[in-house]
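>>> Sequence first, then the predicted structure:
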Amino acid sequence: MHITFLNAVASNQTEEAKAILESLPSEFKKKALVNYQAPADASEELKDLFPLFLAAKNNNLELVAWLIAVSAHINQARADGATPLYIASQEGHLAVVQCLLQAQADVNQATNTGATPLFIASQEGHLAVVQCLLQAQADVNQACDGVTPLFIASQEGHLAVVQCLLQLQGQTNVNQACEGGATPLYIASQNGHLAVVQCLLQGQANVNQACEDGTTPLFIASQKGHLTVVQCLLQGQADVNQAKKTGATPLLIASQHGHLAVVQCLLQAQADVNQACKSGATPLFIASQEGHLTVVDCLLRAQADVNRAYVDGTTPLVIAAQQNHPACVAVLLEAGAGLFVDLPKLPALTDTAGKVVIGLSLDRRPVTRTTPGFEQAITTFQELDQALAKQAFLGKGPALLLKGCDALLQYGHPQAQQIRLLRAKIANLNSLASRCLYEFYANTYGQTLRQQFYQQQVELPGTLVDQLQALETTLPEPCRHRPRLT
């Protein structure tokens, strides 16, 4: 009989449900039936459900009112904590919500995760339900896992709900953050909800309040490329240079993602074009690394320091060359990029060699003994010669060194004989010659095959050889005159 009764309620058969209840001989049995909750092994349609919950979910106002009248427990909940008021709020059934509240339903009773009827109504954008719950003294700041109704409405872009929640002057905490420190303004900025951002700022949201990692609304909007939101936040006095704990600024992150319009907007707002993060990366460095040519050009026009280097001494020119962005290399060279900025500070011999030869390979200007860093470069090659004799692994070195040796020979360096010997050793050592494709191999196949590559001479796919040969065609002529390494 219990399941039959639940099925009648679930299918909105009000008269049949009433008849089943009236057929019972005692009030005790009637009350037990009205509040019967299906067990976990019941059908999927009924599992863990009870009559009042089903009627509220189905928006059957007549059945809800009748069940309340025959002593249904108004705050009875499913195993997850969801009550009839919660499900009615979620579905946007205003009349049912009003009926349950009149019957003294607990307006702030939350699910096991902390979600209240107000929270779920705000999430779903049910404005009328939100207004009704607020009138019933719903706690506007009660959070679900740290997330408030205002936060979730801002996240979903429900402007009318946000406005309604903010109208409770002195009650709604516009800056209440969730775990991690994100505020309603932050999440609205992240998702590009311009109207919500404007509304929150009018509601006295703290435009510079940051997450635990230091990320601000302006930073996240810049990262996502939401230009109009960035403009709105700047008009709201956002600190254009406020950085994350890593030192990354809105300008740096916009440059990294290639958002030219945002970069231009931030520069117009007096963003520091040379402000670097803790690693030493500047907006120009990161844009050069990613190959965002228009951003690189924009930053250079804004007086970015073309030779400002990473902590290991890598310059924008070097990183652009390493990442095979020839257009960026050309723009940087035209802007006066140097080849050997802070070369003595480079810690690793192999990294130093790679950076030197890349710079020399791509630079079309004559190199003489008066060129800054020339003597350091020759010393580097001498040390590498010794390393090669010991069969030392050179990382990125082999492919770059061959190109660099050709460039040095083309320039007619005085130590040409030594360089020819060095080049011969690189070209003739099969193990090192094959490793010129190491970067392609490792990046494509990952750690497991990388280890196999060292343990035995794994045959390299022809496509990777083709990639290297295609890469060579983008280099200046001096770099192409050498034997193939295949």
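Thanks, I have the structure now.
>>> Need the nearest residue in space to residue 310, chain neighbours excluded.
Nearest residue to residue 310, sequence neighbours excluded (CB to CB, 6 or more residues apart in numbering): residue 280, at 4.5 Å. For the C-beta atoms, the positions are set from N, CA and C on the backbone; glycine is no exception.
>>> Which pLDDT value belongs to the one you found?
Residue 280 is assigned a pLDDT of 91 by the prediction.
>>> Please identify the helix or strand for it.
Counting by DSSP states H and E, there is no helix or strand that carries residue 280.
>>> what about it, neighbour count?
Residues lying near residue 280 (other CB atoms under 10 Å) number 16.
>>> what's the answer for residue 222, then?
Count around residue 222 with other CB under 10 Å applied: 32.
>>> can you tell me how far it sits from residue 188?
15 Å (CB to CB, to the nearest Å).
>>> Going by residue numbers, what spans are helices in the stretch 1-150 of the chain?
In order along the chain, the stretch 1-150 of the chain carries the following helices (DSSP state H, counting those that start in this stretch): 2-10, 14-22, 27-34, 51-57, 61-69, 84-91, 94-102, 117-124, 127-135, 149-156.
>>> name the helices or strands packed onto the fourth one?
Spelled out, that is helix 51-57. When contacts are defined as 3 or more CB pairs under 8 Å, 6 or more residues apart in numbering; DSSP states H and E, helix 51-57 sits against helix 2-10, helix 61-69, helix 84-91, helix 94-102.
>>> would you turn the helices of the stretch 1-150 of the chain into JSON lines with distance to residue 252?
Output for the helices of the stretch 1-150 of the chain, formatted as JSON lines (distance: least, CB to CB, whole Å):
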{"stretch": "helix 2-10", "distance to residue 252": "57"}
{"stretch": "helix 14-22", "distance to residue 252": "64"}
{"stretch": "helix 27-34", "distance to residue 252": "63"}
{"stretch": "helix 51-57", "distance to residue 252": "49"}
{"stretch": "helix 61-69", "distance to residue 252": "56"}
{"stretch": "helix 84-91", "distance to residue 252": "41"}
{"stretch": "helix 94-102", "distance to residue 252": "48"}
{"stretch": "helix 117-124", "distance to residue 252": "34"}
{"stretch": "helix 127-135", "distance to residue 252": "39"}
{"stretch": "helix 149-156", "distance to residue 252": "25"}
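>>> Need those in a markdown table (columns: mean neighbour count, mean pLDDT and distance to residue 167).
Formatted as a markdown table, the helices of the stretch 1-150 of the chain follow (neighbours: other CB atoms under 10 Å; pLDDT from 0 to 100; distance: least, CB to CB, whole Å):
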| stretch | mean neighbour count | mean pLDDT | distance to residue 167 |
| --- | --- | --- | --- |
| helix 2-10 | 19 | 84 | 38 |
| helix 14-22 | 16 | 85 | 38 |
| helix 27-34 | 15 | 83 | 39 |
| helix 51-57 | 26 | 95 | 27 |
| helix 61-69 | 19 | 94 | 28 |
| helix 84-91 | 28 | 97 | 19 |
| helix 94-102 | 21 | 97 | 19 |
| helix 117-124 | 28 | 97 | 13 |
| helix 127-135 | 21 | 97 | 9 |
| helix 149-156 | 27 | 97 | 11 |
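>>> coming back round to it: so which of the helices and strands packed on helix 51-57 gets nearest residue 241?
Relative to residue 241, the nearest member of these by CB to CB is helix 84-91, separated by 43.0 Å.
>>> how far off helix 127-135 does that closest one point, in degrees?
140 degrees (axes from the mean of the first three to the mean of the last three CA atoms, to 10 degrees).
>>> now for helix 84-91, which elements pack on it?
helix 51-57, helix 94-102, helix 117-124, helix 127-135.
>>> OK, contacts around residue 54?
6, 9, 10 (CB atoms under 8 Å, 6 or more residues apart in numbering).
>>> same deal with residue 114?
Counted by CB under 8 Å, 6+ apart, residue 114 has contacts 142, 143, 144, 145.
>>> Top of the residues you listed by number of neighbours, please.
For the contacts of residue 114, neighbours were counted using other CB under 10 Å, and residue 143 has the most, 22 neighbours in all.
>>> What is the burial count for residue 303?
10.
>>> Also residue 36?
Residue 36 is flanked by 16 other residues according to other CB under 10 Å.
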